[in-house]
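[1] Need coordinates for the following:
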Amino acid sequence: MQYEVILFDLDDTLYDFAKTEDFALRQAFRHFRMEDTEELMGQYRDINRQLWKELEQGLIYLDVLRVERFRRLLELREFSQELDAAEFSQTYVGYLSEASFLMEGSAETCNRLLDAGYRVAVITNGIREVQLGRISRSELSGKFEQVIISEDAGSQKPDPAIFDYAFEKLGHPDKSNVLIVGDSLTSDIYGGNQYGIDTCWFNPKQADNTSEAKPDYEIRSLTELLELLKV
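    I've put the predicted structure just below:
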């Protein structure tokens with residue numbers, strides 16, 4: 001196989017979003033004098049997960065999601081009369097942009113790919129200020145040729161429009177020379193399938209694929225990608 005561009009997803013692929021989210025949530029809850037219980041954290045994650053699915057399906061917009069998740073949580077916990085969801089969201093996003101935790105093997109993988117002459121870029125459905133803030137605070141700062149963010153593109157994976165935007169930013173490489181690597185079957189892998197580029201499913205938890213997405217490759221660690229590419 002011969003690729004020129006490796007297009008990485010960010011959250012739960014190169015960066016550990018679970019640690020990032022945990023840090024930012026606990027800081028925000030403490031800021032507003034709420035107990036950061038596991039029950040509260042779980043309720044937020046359930047709400048947030050559902051809203052991100054709706055975003056992928058084009059049912060809501062990102063700016064709505066940012067506040068709506070906290071409006072629902074505060075209403076559920078009967079804090080809606082005391083706290084403002086928009087203010088809570090802004091505080092949370094601020095903490096989120098400060099938290100930068102890499103997945104195991106991220107730095108080694110990107111550095112070796114760059115040393116081998118690959119073009120390395122990112123394509124993410126995240127919030128612009130958060131993703132850029134986290135990248136700038138990490139070992140991967142300055143490593144990416146392009147950081148493609150859904151907020152800039154005006155569309156999100158798996159929509160082909162964000163891939164059009166990415167390919168324009170990358171100078172329109174041949175699709176056969178591009179490999180997307182990501183953990184999400186519904187956004188990264190299905191999006192790549194629909195766009196006609198090869199896909200690599202990062203599946204460290206060895207989950208079953210019950211979706212219609214069909215990855216060309218599957219890896220359980222990022223260093224397996226280096227073996228796959230013979231780097």
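[2] could you pull out the helices for the protein?
    17-31, 38-56, 62-76, 85-98, 106-115, 128-136, 150-153, 160-169, 190-195, 222-228 (DSSP state H).
[3] how far away is the closest residue to residue 68 other than its chain neighbours from residue 4?
    Excluding the flanking residues, the one nearest residue 68 by CB to CB, 6 or more residues apart in numbering is residue 51, at 6.2 Å. C-beta: built from backbone N, CA, C; applies to glycine. Residue 51 is 35 Å from residue 4, where distance means CB to CB, to the nearest Å.
[4] ok, the two, which is more surrounded?
    Ranked by neighbour count (other CB atoms under 10 Å), residue 51 and residue 4 place residue 51 first, with 19 against 14.
[5] shouldn't the more buried one be in contact with residue 70?
    No: Residue 51 sits out of contact with residue 70 when judged by CB atoms under 8 Å, with a separation of 10.5 Å.
[6] The residue lying closest to residue 134 once chain neighbours are set aside: what's it in contact with?
    Of all residues not flanking residue 134 in the chain, residue 100 sits nearest, at 4.4 Å (CB to CB, 6+ apart). Residue 100 sits next to 15, 20, 133-135, 137-138 when contact means CB atoms under 8 Å, 6 or more residues apart in numbering.
[7] buried subset of those residues?
    15, 20, 133-135, 138 (16 or more other CB atoms under 10 Å).
[8] Distance to residue 77 and pLDDT added to those residues, as CSV?
    As requested, the buried ones among the contacts of residue 100 are arranged in CSV below (distance: CB to CB, whole Å; pLDDT from 0 to 100):
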residue, distance to residue 77, pLDDT
15, 28, 97
20, 22, 93
133, 28, 94
134, 27, 94
135, 32, 96
138, 33, 95
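[9] out of those, who's nearest residue 96?
    For the buried ones among the contacts of residue 100, the residue nearest residue 96 by CB to CB is residue 20; the value is 6.3 Å.
[10] Leaving aside the residues adjacent along the chain, what's closest to the closest one?
    residue 99 (4.3 Å).
[11] Could you report the neighbour count for the one you found?
    Counted with other CB under 10 Å, residue 99 comes out at 20.
[12] go on, residue 76?
    When counting by other CB under 10 Å, one arrives at 14 neighbours for residue 76.
[13] Could you list the low-pLDDT ranges of this protein?
    Within the chain, the segments meeting pLDDT under 70 span 1, 80-81.
[14] Residue 212 - how many residues pack around it?
    As a burial measure, residue 212 scores 10 neighbours (other CB under 10 Å).
[15] What degree of burial does the closest residue to it other than its chain neighbours show, as a neighbour count?
    Using CB to CB, 6+ apart and skipping the chain neighbours, the partner closest in space to residue 212 is residue 190 (6.8 Å). Residue 190: 20 surrounding residues under other CB under 10 Å.
[16] quick one, what contacts residue 190?
    Counting by CB under 8 Å, 6+ apart, residue 190 touches 158, 211-213.
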